[in-house]
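1. need a structure here:
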Amino acid sequence: MFLTSRSFKIYFIFIFLLVSFLLTSITSFELYKHKEAFTIGDWLINYQGGFVRRGLIGEIIINLSYLTNSNPGLITSYTHILFYFLFFLFSFLAINQQNHLKNHWILIFSPFLFYFQIFDFYGGFRKEIIFFSLFAFLVWSFNKFEEKKLDKIFFTTFAFYSFLILSHEIFIIFLPYIIVSYLLKVEVNKKRIIYLTLFSLPSLICFVFSILNPGDKEIVEKIYLSLENQNYNMSGGAIEWLIKDTNHGINTVKEYIDKFNYFSKYSIIILLSLIAYYPLREIFKRISKKKINLIIFFLPIVGTFLISYVAVDWGRFIYINLVSIFFISLIKIDSYQNQKIIFSWYLLVPLSIIYFSFWQIPHCCNFFPLFNNELTTTNIFKLIKFLGQFANNYI
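-> Residues are numbered from 1 along each chain as shown. Below is the predicted model of the structure:
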């Protein structure tokens, strides 16, 4: 039957991702036109006022703007589209490498894995899509190439990870996920441990430099001036946030915990998310076979708790962890047998539709609800409406 045909399932996943990429590209362009202060502004932090954390990508964008006489906001939108394309492409290729798709089905068709930025655009379009693109490429490579070539690909990629840290210091928290994915594919020996240590040092150094250069009012004003000179005026948002200190972050988190009921909201989100990962529970068994892997795996989770103490984007941080664990679940290991689940395809498909439709992960605050209780607010209805608007405005 067509429901159990692998080619049909792969084709359906492809269409699902294609729709998401299309809507993502449109949304990015709209954010550029509206000069959104976080989803665009975060990418435009630059070094025009001196070295500052999170400034590398913005420095590249502003110099491209000078060289090509192009709008830096538009270049940012193209950058969004490029990294989302790579994220979706290598994720699809890694999914296609799986012998069985049933265990990943609910997760692939979840409302957060590939549609987080559609249902909460304030939380999407951030620099973690660079991390996702890199991780997706590595997982595809891990499954495709032999161990000797795998080493070259991994350490070449690892060498450039420090540039991600200079784009956003948060990437240091999620680096252990990439290390765990590598250790699941190779035998640990002294040489590899030395290489991992040496190649981690540049990222740690860049992290320290970023923390020591948080930014000040003068730097922020010069960043705004550099954008004004390219006819793209901005105010507030991620650029202005550079001058906020740790105490401001802590106080804001405390305020939002009470005001927006953070603890109960995000506890429910974690529980709902775990439903999609339950069929993949065997990944924790393969990670826990070696204590070092288990320790490294939990480091980002500990780091997420720490950063949540000073930053309000709890939903976004949960999302980054969920995507990272998804990538780890795609790594093929010869000794691993897929965990059997009780659902038939005829039950799995409607369950996936229900799971996709009635909830989402709000990145923070109270901009977007957790549950979609009415038919007109379900995620499927939103997609239909979005596609209709696209047809009216762009076709």
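
2. tell me the buried residues in stretch 77-91?
-> Across stretch 77-91, burial judged by 16 or more other CB atoms under 10 Å covers 77-81, 83-84, 86-91. From N, CA and C alone the C-beta is placed, and that goes for glycine too.

3. buried set for the helix or strand where Tyr11 lies?
-> In the assignment (DSSP states H and E), Tyr11 maps to helix 6-33. Residues of helix 6-33 classed as buried by neighbour count (16+ other CB under 10 Å): 9, 12-13, 16-17, 19-21, 23-29, 31-32.

4. and for stretch 298-312?
-> Residues of stretch 298-312 classed as buried: Leu299, Pro300, Gly303, Thr304, Ile307, Ser308, Val310, Ala311, Val312 (neighbour count, 16+ other CB under 10 Å).

5. packing partners of the strand or helix carrying the second one?
-> Translated: Pro300. With elements taken from DSSP H and E, the one containing Pro300 is helix 291-307. If you count contacts as 3 or more CB pairs under 8 Å, 6 or more residues apart in numbering; DSSP states H and E, helix 291-307 packs onto helix 171-183, helix 282-288, helix 314-329.

6. quick one: mean pLDDT over it.
-> Averaged over helix 291-307, pLDDT sits at 95.

7. hmm, who's touching it?
-> 170, 172-177, 179-180, 183-184, 188, 287-288, 317-318, 320-321, 324 (CB atoms under 8 Å, 6 or more residues apart in numbering).

8. can you rerun that using 7 Å?
-> By CB atoms under 7 Å, 6 or more residues apart in numbering, the residues outside helix 291-307 that reach it are 170, 173-174, 176-177, 179-180, 183-184, 287-288, 317, 321, 324.

9. got the buried residues for the helix or strand of the chain with the lowest mean pLDDT?
-> Within the chain, no helix or strand scores below helix 282-288, which has a mean of 81 by mean pLDDT, DSSP states H and E. For helix 282-288, burial by neighbour count (16+ other CB under 10 Å) applies to Ile283, Arg286, Ile287.

10. dump the residues you listed into TSV; add distance to Ser65 as well.
-> Listed next are the buried residues of helix 282-288 as TSV, based on distance: CB to CB, whole Å:
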residue	distance to Ser65
Ile283	43
Arg286	46
Ile287	44
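
11. out of those, which is nearest to Asn379?
-> Asn379 lies nearest to Ile283 out of the buried residues of helix 282-288, by CB to CB, at 26.2 Å.

12. hmm, that closest one is touching Leu330, no?
-> No - look at Ile283 against Leu330 with CB atoms under 7 Å: they stay out of range, at 9.4 Å.

13. any low-confidence regions in the chain?
-> 1-4, 334-343, 375-376, 395 (pLDDT under 70).

14. OK, contacts around Tyr122?
-> Shown in contact with Tyr122 (CB under 7 Å, 6+ apart): Phe38, Thr39, His363, Phe367.

15. out of the residues you listed, list just those in helices.
-> Judged by DSSP state H, helices contain none of the contacts of Tyr122.

16. please render the contacts of helix 291-307 as CSV that adds distance to Ala238 to the earlier fields.
-> Listed next are the contacts of helix 291-307 as CSV, based on distance: CB to CB, whole Å:
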residue, distance to Ala238
Ile170, 12
Ile173, 18
Phe174, 19
Pro176, 25
Tyr177, 24
Ile179, 28
Val180, 29
Leu183, 34
Leu184, 34
Ile287, 34
Ser288, 38
Phe317, 16
Asn321, 21
Ser324, 22
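
17. identify the residues contacting the least confident helix or strand of the chain?
-> Val180, Leu184, Asn293, Leu294, Phe297, Ile328, Ser329, Ile333, Tyr336, Gln339.

18. how about JSON lines for these, with distance to Asn46 and neighbour count added?
-> Compiled in JSON lines, the contacts of helix 282-288 are given as follows (distance: CB to CB, whole Å; neighbours: other CB atoms under 10 Å):
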{"residue": "Val180", "distance to Asn46": "33", "neighbour count": "24"}
{"residue": "Leu184", "distance to Asn46": "37", "neighbour count": "20"}
{"residue": "Asn293", "distance to Asn46": "38", "neighbour count": "19"}
{"residue": "Leu294", "distance to Asn46": "40", "neighbour count": "13"}
{"residue": "Phe297", "distance to Asn46": "35", "neighbour count": "23"}
{"residue": "Ile328", "distance to Asn46": "33", "neighbour count": "20"}
{"residue": "Ser329", "distance to Asn46": "37", "neighbour count": "21"}
{"residue": "Ile333", "distance to Asn46": "42", "neighbour count": "12"}
{"residue": "Tyr336", "distance to Asn46": "45", "neighbour count": "13"}
{"residue": "Gln339", "distance to Asn46": "47", "neighbour count": "15"}
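
19. go through those and name the one nearest Ala391.
-> Ser329 (35.6 Å).

20. now do the closest one against Lys102, distance only.
-> 13 Å (CB to CB, to the nearest Å).

21. now do Ser308
-> For Ser308, the distance to Lys102 - CB to CB - is 33 Å.

22. how about His192, what does it touch?
-> Rather than His, residue 192 is Arg. Counting by CB under 7 Å, 6+ apart, Arg192 has contacts Val186.

23. what's in contact with the helix or strand hosting Lys152?
-> Using DSSP H and E, Lys152 falls within helix 147-159. Applying CB under 7 Å, 6+ apart, the contact partners of helix 147-159 are Leu134, Leu138, Ser141, Phe142, Phe145, Tyr182, Lys185, Val186, Tyr195, Phe199.

24. buried ones in it?
-> Quick answer for helix 147-159 (16+ other CB under 10 Å): Leu150, Asp151, Ile153, Phe154, Thr157, Phe158.

25. shouldn't Phe132 be within a strand?
-> No - looking at Phe132 with DSSP: H, G, I helix; E, B strand; the rest coil, it is helix, so not inside a strand.

26. I'd like the helices and strands packed on helix 291-307 laid out as CSV, including distance to Gly237.
-> As requested, these are arranged in CSV below (distance: least, CB to CB, whole Å):
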stretch, distance to Gly237
helix 171-183, 20
helix 282-288, 37
helix 314-329, 15
